[in-house]
Structures are given as C-alpha cells and as structure tokens.
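Peer 1: compute the structure for the input listed below.
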Amino acid sequence: MIFAGVPLVIIGALMHWSAILMFILCCLTIIALAGVIGRATESLAIVSGPRIGGLLNATFGNAVELIISIFTLKAGMIGIVLASLTGSVLGNLLLVLGLSFFMGGIKYKRQNFNIHDAKYNSGLLIFAIIVAFVIPEIFSMTMDRPTTINLSIGISIILIALYLAGLLFKLVTHRGVFDSEKTDGGEKETPEWTKRKAIIILILSTVAVAFVSEQLVHTFETIGERFGWSQLFIGIIIVAIVGNAAEHASAITMALKDKMDVSVEIAVGSTLQVAMFVTPVLVLISLFMPEPMALVFTIPELVAMIAASLLVINLCNDGESNWFEGLLLFAAYIIMGIGFFFL
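Peer 2: Okay, the predicted model is just below:
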C-alpha cells in the first residue's frame with residue numbers, strides 16, 4: 001500500500017491522462033511518499049538521537065524538494081525553482097514552525113528548546129538569507145548575466161563549504177554545547193522499523209519520488225494556465241508544501257510529544273539546509289542544464305524571506321515557545337501567501 005500511487009502515475013503517464021488529474025495524483029503520491037520518508041527517518045532518529053534525527057529528517061525531506069527542482073530546472077522553469085526554494089524557506093520557518101509552536105503550545109502551555117541551538121540558528125539565518133541572498137540581488141543590478149552567474153557560482157561554493165563546516169562545528173568539535181539539558185520523551189522509545197528496513201524504505205521512496213516528480217513538472221504549465229496561477233504562486237505555495245510534506249508532519253508530531261529540540265531542528269535546520277546547501281547545489285547543477293540559474297530572487301521573494309527570518313529570530317532567541325507565538329508565525333505565512341497569490 002505504501003507505493004500504491006506510483007503504479008497509477010505510471011498508468012496515467014502511459015495513457016496520457018489529463019494534466020489536472022495527473023497534478024492531483026502526483027501531489028498526493030509525493031505527500032504519501034514524504035510521509036513514509038518521515039516515518040523512516042523518525043525510526044533512525046530514535047537510534048541516533050534528536051540532533052542527528054532532525055538532520056536526517058530535514059535531509060531526506062529536502063531530497064524530495066531537490067529532486068522536484070532538478071526536473072523543473074531541466075524543463076527550463078527557473079522561476080518556479082527559485083519560487084519553490086523561497087516557499088520552502090517560508091514554509092519551514094512560518095508554517096511548519098508556527099504549527100509546531102501552536103499545536104505543542106496548546107497541549108503543554110509553554111515548551112523549551114536548546115537556547116544555544118536557537119542562537120546558532122539565528123546567526124546562520126542572518127548570514128544565509130540576509131547576507132548571501134541579498135548580495136547577488138544588489139550586485140546583479142550593475143552586472144550582465146554571465147558575470148551574475150559567475151558571482152552566483154562563487155557564493156554557492158562558499159555557502160556549501162560553510163554549511164559543511166557548520167555541521168562539523170555542531171556535531172563534532174562543539175557537540176557538548178548543543179546537547180539538550182532535558183531528555184526528550186521520558187521513557188525509551190522503540191523504533192517503528194529496524195535500521196536496515198528504514199534505510200531500504202528511504203532508498204525506494206527516494207527513487208519513487210524522482211519518477212513522480214518528473215511527471216508532476218510536466219503539469220505545471222497547464223495547471224498555471226487553467227487556474228490563472230503564476231509560476232511564483234505555484235513554486236512558493238504548491239511545490240513547497242508538497243516538497244516539504246515530510247518535515248511538516250514530523251515537526252508537528254515531535255512538538256505534540258514535547259520534543260521541541262527535534263521539532264525546531266527539523267523546521268529551522270531544514271531552512272538552513274535549503275538556503276546553504278540545496279540552493280547552491282541547484283545553482284551548480286544548473287550549469288549542466290540548457291539555462292544556468294543565477295542566485296537572484298525577485299524583490300518580493302527576498303523581502304518575504306528576510307521578514308520571516310527576522311520574526312523567527314526574535315521569537316526563538318529565548319529558547320521558549322507557546323501557542324500564541326505559533327499563531328503569529330502562521331498568520332505571517334497566510335499574509336505572505338495571499339500577497340503572492342495576487343502578485
């Protein structure tokens with residue numbers, strides 16, 4: 001039953017079903033597969049601990065986003081790729097973290113998470129979103145496209161190197177600083193799947209997502225024309241929500257279990273991974289595509305990401321959360337979604 005949607009997508013592709021039906025079918029299949037990826041990474045998280053578990057969940061969740069973006073790049077839809085990356089940042093910071101704070105806050109009134117993690121994430125958010133994304137935008141105004149591409153390549157290499165250095169800092173050299181002071185969960189949990197089974201399911205799910213994502217990309221143009229949706233709206237709202245379905249479910253589930261260290265690591269850690277690893281990797285991959293992608297977002301995308309980052313930094317730096325803070329983040333996401341819909 002896990003991969004039930006995949007045969008239907010194959011049949012639909014061979015029989016040339018309507019774009020609307022294929023769009024719905026592909027979205028539902030990817031969300032279902034993302035849920036399987038989330039369950040597998042949660043099983044691995046129980047074995048490896050909250051920090052590694054959160055990183056694994058974010059990584060395999062973003063693998064879906066990366067695969068969709070690669071096929072979208074191949075189709076020459078650079079606007080949708082940049083919009084989906086923006087949507088991933090906004091979705092993780094405002095929607096996922098907001099719903100996690102809200103749902104967890106209703107159950108536990110006030111929840112705590114590692115303040116050292118919060119301050120570390122704040123610094124990286126300022127660097128990745130406000131520095132690394134703004135610089136190409138400003139400098140590209142006085143550059144031709146080839147020079148802008150070269151600037152994007154240089155910044156992308158630096159971002160990837162810093163992301164890997166950050167993992168080394170957080171997981172190896174300064175691991176003790178980021179260890180949680182409380183034990184999440186009380187009693188010892190038993191993983192749903194064994195380590196071997198979880199890894200096999202992750203591999204099969206990722207392969208299935210790759211196929212379904214390619215079929216999904218073929219529907220974008222028709223869907224946009226039929227419903228009057230811009231590439232910006234499709235990328236920021238639709239693709240981002242579908243591509244990050246695994247993180248959405250896992251982060252909220254962890255918050256309901258009062259495992260806020262894992263929940264925050266999934267939401268904010270996934271954002272940092274998108275900004276500092278997935279985005280620059282896509283810039284480098286695009287060099288082998290028909291049209292290279294510059295690290296230049298539109299002004300509305302850039303302003304929205306900066307606003308979301310500053311709001312999250314302000315709410316998270318005390319290491320505490322409650323339902324009202326979650327409602328603030330969720331309301332900000334709705335406001336931005338309305339804006340991009342009418343843009």
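Peer 1: from now on I want contacts and neighbour counts done on CA atoms only, so please keep to that.
Peer 2: Will do.
Peer 1: element containing the most centrally placed residue in the chain, please.
Peer 2: Per Cα atoms, centre = their mean, the C-alpha nearest to the average position across the chain is that of residue 88, at 4.4 Å. When elements are defined using DSSP states H and E, residue 88 is found to belong to helix 78-90.
Peer 1: any idea of the mean pLDDT for whatever helix or strand comes next after that helix?
Peer 2: On the C-terminal side of helix 78-90, the closest following helix or strand by DSSP H and E is helix 97-108. Helix 97-108 carries an average pLDDT of 92.
Peer 1: after helix 97-108, heading C-terminal, what element do we hit next?
Peer 2: On the C-terminal side of helix 97-108, the nearest following helix or strand under DSSP H and E is strand 111-112.
Peer 1: quick check: neighbours of that next one in the sheet, parallel or antiparallel?
Peer 2: Each strand that strand 111-112 pairs with, and the sense of that pairing, follows from DSSP bridges: strand 320-321 (antiparallel).
Peer 1: pLDDT on the partner strand, on average?
Peer 2: Computed over strand 320-321, the mean pLDDT rounds to 90.
Peer 1: which SSE is immediately downstream of that strand?
Peer 2: Immediately after strand 320-321, counting by DSSP H and E, sits helix 323-342.
Peer 1: now that next one, how far from the centre of its chain.
Peer 2: Between the mean C-alpha point of helix 323-342 and the mean C-alpha point of its chain there is a distance of 17 Å (Cα atoms, centre = their mean, to the nearest Å).
Peer 1: how about that helix: buried residues?
Peer 2: Applying a neighbour-count criterion of 16 or more other Cα atoms under 10 Å, the buried positions in helix 323-342 are 323, 325-330, 332-333, 336-337, 340-341.
Peer 1: and that helix with helix 78-90, angle?
Peer 2: Direction vectors for helix 323-342 and helix 78-90, defined by axes from the mean of the first three to the mean of the last three Cα atoms, to 10 degrees, enclose an angle of 170 degrees.
Peer 1: what sits up against helix 323-342?
Peer 2: Contacts made with helix 323-342 from outside it, assessed by Cα atoms under 8 Å, 6 or more residues apart in numbering, are listed as 90-91, 93-95, 97-106, 109-110, 229-230, 232-233, 236-237, 304, 308, 311-312, 315.
Peer 1: got it, and stretch 126-143?
Peer 2: For stretch 126-143, the surrounding residues in contact (Cα under 8 Å, 6+ apart) are 148, 151-152, 155, 159, 272, 275-276, 295-297, 302, 305-306, 309-310.
Peer 1: go with 6 Å
Peer 2: Among residues not part of stretch 126-143, those counted as contacts by Cα atoms under 6 Å, 6 or more residues apart in numbering are 148, 296.
Peer 1: remind me what the worst-scoring helix or strand of the chain on mean pLDDT packs against, helices and strands.
Peer 2: Of all helical and strand segments in the chain, the minimum by mean pLDDT, DSSP states H and E falls on helix 240-243, at a mean of 73. Applying 3 or more Cα pairs under 6 Å, 6 or more residues apart in numbering; DSSP states H and E, one finds that helix 240-243 makes contact with helix 78-90.
Peer 1: run the last query once more with 8 Å
Peer 2: For helix 240-243, the packing partners by 3 or more Cα pairs under 8 Å, 6 or more residues apart in numbering; DSSP states H and E come out as helix 19-48, helix 50-74, helix 78-90.
Peer 1: ok, back up a step: now the angle from the helix holding residue 88 to helix 50-74?
Peer 2: 160 degrees.
Peer 1: and stretch 198-206, how far out from the chain middle?
Peer 2: 19 Å.
Peer 1: put the alpha carbons of that stretch into CSV.
Peer 2: This file holds the C-alpha atoms of stretch 198-206, laid out as CSV (Å, rounded to 0.1, in the frame of the first residue of the first chain):
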residue,chain,number,x,y,z
ALA,A,198,14.3,2.1,7.4
ILE,A,199,17.3,2.6,5.1
ILE,A,200,15.8,0.3,2.4
ILE,A,201,12.5,2.1,2.5
LEU,A,202,14.3,5.5,2.3
ILE,A,203,16.1,4.4,-0.9
LEU,A,204,12.9,3.0,-2.5
SER,A,205,10.9,6.1,-1.6
THR,A,206,13.5,8.5,-3.0
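Peer 1: list the buried residues in that stretch.
Peer 2: Of the residues in stretch 198-206, those scored as buried under the neighbour-count criterion (16+ other Cα under 10 Å) are 198, 199, 201, 202, 205, 206.
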